[in-house]
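**Student:** Compute the structure for the input listed below.
(4 chains)
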There are 2 protein chains.
Amino acid sequence: MASHGTRGRSGGRPTLEEVAARAGVGRGTVSRVINGSPRVSDATRAAVEAAVAELGYVPNTAARALAANRTNAIALVVPEPETRFFAEPYFSDILRGVGAELADTEMQLLLIFAGSDRERQRLAQYLAAHRVDGVLLVSVHADDPLPDLIAQLEIPAVISGPRSAAETLPSVDSDNYGGARSAVEHLLARGCRNIAHITGRLDVYGAQRRVDGYRDALLAAGHEVDELLIVQGDFTEEGGQRAMRELLARSPVPDAVFAGSDVMAAGARQTLREAGRRIPDDVALVGYDDSAIARHMDPPLTSVRQPIEEMGRRMLDLLLTEIADSRPAASRGLERRQVVLATELMTRASA
Amino acid sequence: MASHGTRGRSGGRPTLEEVAARAGVGRGTVSRVINGSPRVSDATRAAVEAAVAELGYVPNTAARALAANRTNAIALVVPEPETRFFAEPYFSDILRGVGAELADTEMQLLLIFAGSDRERQRLAQYLAAHRVDGVLLVSVHADDPLPDLIAQLEIPAVISGPRSAAETLPSVDSDNYGGARSAVEHLLARGCRNIAHITGRLDVYGAQRRVDGYRDALLAAGHEVDELLIVQGDFTEEGGQRAMRELLARSPVPDAVFAGSDVMAAGARQTLREAGRRIPDDVALVGYDDSAIARHMDPPLTSVRQPIEEMGRRMLDLLLTEIADSRPAASRGLERRQVVLATELMTRASA
DNA sequence: AGGTACCGTGGGAGCGCTCCCACAGGTGAT
DNA sequence: ATCACCTGTGGGAGCGCTCCCACGGTACCT
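**Tutor:** Below you'll find the model as predicted:
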């Protein structure tokens, strides 16, 4: 008693036992009340709740985790090597969505960086130690071993964009295909006839889908797809510049460019300006993401908006049901575990 | 045994006891090795380390937290009501700095949102329950009760910008005063003679300091400070526009504007453009933050860069020492607990 | 030789909770 | 009346660790 009892004393955090004594009931009963078990009489419940309030009791997470063998925590894994990823609002918005949804739960959110090898090492340990009940994976690359590791460890997880059409992990994504189609259809409706596409990194599935959308929009309108008008970018501004320079070398020069991201669009704009081409008179420009860059570009950039915050919310939703399902030998159905959310074209001066 | 032993089984996570058995030592010894105690012979240490490696032992955080009465977790509290705050790179960069520094420790990072009242309620509970060893507070307002609550609970904390000159909490900040001075000095060196300042919200201490820097730069150069050239903004784009309109009504119209943030500078640019004023020929423009907006503005914006990532790193550093100090009845000296980092003026076409 | 000091070590107790078994008391069927 | 079966409850055991006391051993003093 002596040795331990005095250790962390200061405010004297009350324990379950103290609440039980105060309420004149047993420890088990208090636990049941705290955890919302129905097998408690109304009178007892009221007494316990009163005691909890009087004592200002707050359950000790560590003890709970230890005894129950669960953590009540989920991890958001950030594959940080990409500085760009962080700078874009994407991450913040996902986070905000997750945070909003999280407020309704008892879960806590752990942020884990998996940029360096050392950090990945640590992450693997984390996961091996089952220190979280579930994992949220944002912006994983096609060749990332992480998802497989997680699947193997049987840790519930949700991924922010499927890695391929055959993704097995639950995922939440926006409609990249539809978003791209709407962008191209807008350009067509505007009268553009020679529409180019600067793609993102094609090892990102979403970028592929945008190319698909671009193609199908043209085909559906009865146009041919000129493969020379599809130039590969890499989501960076420099990539956008390079791609645009390539496109300016084509003849005829395209009268519209659909860029796979706002940042690439910014690069393209740069190159267009240097070449003395006006936007949108000479070349109409559409981006993707509807980031701050789009709104502040000159001229303001028409861009495809993704409901990113909503994506964050849905990711957490999905993860929580995954976790719940995994508790008692779950049904493991292939239900609605792939969520796709609609995009919206934000029309501005550039197209 | 039966009832509990079978519970979470699946991979069979090894325990301290198992490692001890394997290494042929006692539980206490393994614990000492794990925790890097020096009071272990080399031979024993080696044996234990071998056993740990063979078994793939990973300590159970919950058990550790329970027994040791510490959590090995720190919280980053996000006062989320401000959407803007999230959208700016500020947050991401702080986070990256914290994350980088975190990789060297055993600490885990909890992200807590304190936007809504409900979330703040939850946060208070968290803190009351001492579920974290320390708290990182970013962008708190002068009137926020949170810092006081935290101080009262005697939870180690670091704040990202002092709330006033008399801040008692440890803090990390950039040199707002010096940054503002360098901006104004640059404009003076450029030949501008009529330099206006659009301030941030003056209940933010950093915004006040920028005003101070603006004033002193002028005075030091032997100029008078025209109070009419100091217009209050609120860190928003609209605020920047409003302020700029006010300034355009002055006579003479200033030949330079130092805006307290890039976003406000963007607003000012908008208004200047509408008024047909050229940047920098008619009016030179300098912003603050060196955000993505600055680089993408037309013309690119000269802006004061803060070493935000470094700030994140230093915040974590400070917090860890605070935590370490608080363990054994600490010295509580008033040492270097207020860190101020230098800024850098990024010169671009706008000034 | 005896004493004192320390080192490295083993293991008991205890952290605050959940889980589950046991049991009292009630209710309905037999 | 007996039995079966509920519901509500109390409390033991145990989760995996840290802390600390106790102990045998060695080294150095007197």
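**Student:** quick one: residue A:306 and DNA strand C, what's the gap?
**Tutor:** Distance, residue A:306 to DNA strand C, by Cβ to the nearest atom of the strand, to the nearest Å: 39 Å. C-beta coordinates here come from the backbone N, C-alpha and C atoms, glycine included.
**Student:** Report pLDDT for the residue lying closest to that residue once chain neighbours are set aside.
**Tutor:** Spatial nearest neighbour of residue A:306, excluding adjacent residues (Cβ to Cβ, 6 or more residues apart in numbering or on different chains): residue A:174 at 3.9 Å. The per-residue pLDDT reported for residue A:174 equals 95.
**Student:** Just to check, residue A:174 is in contact with residue A:339?
**Tutor:** No: if you go by Cβ atoms under 8 Å, residue A:174 and residue A:339 don't touch, sitting 9.6 Å apart.
**Student:** ok, residue A:20 - contacts?
**Tutor:** Contacts for residue A:20 (Cβ atoms under 8 Å, 6 or more residues apart in numbering or on different chains) come out as A:26, A:27, A:29, A:30, A:51.
**Student:** Among these, the buried ones, what's the ChimeraX command?
**Tutor:** This is how ChimeraX selects the buried members of the contacts of residue A:20, with burial counted by 16 or more other Cβ atoms under 10 Å in any protein chain shown:
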select /A:29,30,51
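**Student:** Out of the contacts of residue A:20, which sit inside strands?
**Tutor:** Using DSSP state E to define strands, no part of the contacts of residue A:20 is located there.
**Student:** which among the contacts of residue A:20 gets closest to residue A:223?
**Tutor:** If you rank the contacts of residue A:20 by distance to residue A:223 using Cβ to Cβ, residue A:30 comes first, at 70.4 Å.
**Student:** Quote the end-to-end distance of stretch A:36-47.
**Tutor:** Length of stretch A:36-47, first residue to last, Cα to Cα, to the nearest Å: 14 Å.
**Student:** Outline the domain layout of chain A.
**Tutor:** With domains defined by automatic domain parsing, chain A comprises A:2-59, A:73-174+A:310-340, A:176-305.
**Student:** For the stretch 1-150 of chain A, which segments count as strands?
**Tutor:** Taking DSSP state E, counting those that start in this stretch, the strands of the stretch 1-150 of chain A run over residues A:73-78, A:108-113, A:134-137.
**Student:** Make a markdown table out of these and add distance to residue A:242, mean neighbour count and mean pLDDT.
**Tutor:** Formatted as a markdown table, these follow (distance: least, Cβ to Cβ, whole Å; neighbours: other Cβ atoms under 10 Å in any protein chain shown; pLDDT from 0 to 100):
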| stretch | distance to residue A:242 | mean neighbour count | mean pLDDT |
| --- | --- | --- | --- |
| strand A:73-78 | 28 | 25 | 90 |
| strand A:108-113 | 30 | 22 | 89 |
| strand A:134-137 | 30 | 25 | 94 |
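**Student:** immediately after the helix or strand encompassing residue A:186, which helix or strand?
**Tutor:** Using DSSP states H and E, residue A:186 falls within helix A:176-189. Following helix A:176-189 in sequence order, the next helix or strand is strand A:195-199 (DSSP H and E).
**Student:** For that following strand, give the mean pLDDT please.
**Tutor:** The average pLDDT within strand A:195-199 is 98.
**Student:** Compare residue A:174 and residue A:339 (neighbour count), which wins?
**Tutor:** More neighbours surround residue A:174 than the other of residue A:174 and residue A:339, with 24 against 17 (other Cβ atoms under 10 Å in any protein chain shown).
**Student:** What residues are bridge-paired with the more buried one?
**Tutor:** residue A:341 (DSSP bridges).
**Student:** which residues touch it?
**Tutor:** By Cβ under 8 Å, 6+ apart, the contact list for residue A:174 reads A:306, A:307, A:308, A:311, A:340, A:341, A:342, A:343.
**Student:** Any chance you could give me stretch A:340-351 in CSV, C-alpha atoms only?
**Tutor:** C-alpha atoms of stretch A:340-351 as CSV (Å, rounded to 0.1, in the frame of the first residue of the first chain):
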residue,chain,number,x,y,z
VAL,A,340,-17.7,6.1,-53.6
LEU,A,341,-18.8,9.7,-53.2
ALA,A,342,-19.8,12.1,-55.9
THR,A,343,-17.7,15.0,-57.0
GLU,A,344,-18.8,18.5,-58.1
LEU,A,345,-17.4,20.7,-60.8
MET,A,346,-16.6,24.2,-59.5
THR,A,347,-16.8,26.5,-62.5
ARG,A,348,-14.6,29.6,-62.5
ALA,A,349,-13.0,31.9,-65.0
SER,A,350,-10.4,29.5,-66.4
ALA,A,351,-12.8,27.3,-68.3
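**Student:** List of residues touching it?
**Tutor:** Contact with stretch A:340-351 is made by A:172-176, A:178-179, A:182-183, A:186-187, A:190, A:256, A:265, A:269, A:279-280, A:284-287, A:290, A:294-295, A:297, A:299-307, A:310-311, A:314, as judged by Cβ under 8 Å, 6+ apart.
**Student:** Out of the residues you listed, which sit inside helices?
**Tutor:** Of the contacts of stretch A:340-351, the ones assigned to helices by DSSP state H are A:176, A:178-179, A:182-183, A:186-187, A:265, A:269, A:294-295, A:310-311, A:314.
**Student:** so how many other residues sit close to residue A:63?
**Tutor:** By other Cβ under 10 Å, the residues close to residue A:63 number 16.
**Student:** can you give me how far stretch A:122-139 is from the chain middle?
**Tutor:** With Cα atoms, centre = their mean, to the nearest Å as the basis, stretch A:122-139 stands 16 Å off its chain's centre.
**Student:** Flag every buried residue along it.
**Tutor:** A:122-124, A:126-127, A:129-139.
**Student:** Might you report the residue contacts of residue A:176?
**Tutor:** Residue A:176 makes contact with A:206, A:207, A:209, A:210, A:213, A:343, according to Cβ under 8 Å, 6+ apart.
**Student:** please redo it, this time with the cut-off set to 7 Å
**Tutor:** Contacts for residue A:176 (Cβ atoms under 7 Å, 6 or more residues apart in numbering or on different chains) come out as A:206, A:209, A:210, A:213.
**Student:** ok, the closest residue in space to residue A:278 that isn't next to it in sequence to DNA strand C distance?
**Tutor:** The shortest distance from residue A:278 to any non-neighbouring residue, by Cβ to Cβ, 6+ apart, is to residue A:272 (8.0 Å). Distance, residue A:272 to DNA strand C, using Cβ to the nearest atom of the strand: 61 Å.
**Student:** Just the element for residue A:272, please.
**Tutor:** Using DSSP H and E, residue A:272 maps to helix A:262-274.
**Student:** how about the residues of chain A near chain B?
**Tutor:** Within chain A, the residues that sit near chain B (Cβ under 7 Å from any Cβ of the partner chain) are A:7-8, A:10, A:13, A:58, A:61-63, A:65-66, A:69, A:71, A:80, A:86-87, A:89, A:91-92, A:96, A:99, A:103, A:108-111, A:113, A:116, A:118-119, A:125, A:128-129, A:131, A:154, A:266, A:292-293, A:296-298.
**Student:** Just the buried ones among those, please.
**Tutor:** Taking 16+ other Cβ under 10 Å as the criterion, what is buried in the residues of chain A next to chain B is A:13, A:58, A:61-63, A:65-66, A:71, A:80, A:86-87, A:89, A:91-92, A:96, A:99, A:108-111, A:113, A:119, A:129, A:131, A:266, A:292-293, A:296-298.
**Student:** of those, list those near DNA strand D.
**Tutor:** A:63, A:66 (Cβ under 7 Å from any atom of the strand).
**Student:** Count the neighbours of the closest residue to DNA strand D within the stretch 1-150 of chain A for me.
**Tutor:** Residue nearest to DNA strand D within the stretch 1-150 of chain A: residue A:28 (2.2 Å; Cβ to the nearest atom of the strand). Residues lying near residue A:28 (other Cβ under 10 Å) number 12.
**Student:** Please tell me how far it sits from DNA strand C.
**Tutor:** From residue A:28 across to DNA strand C, the span is 4 Å (Cβ to the nearest atom of the strand).
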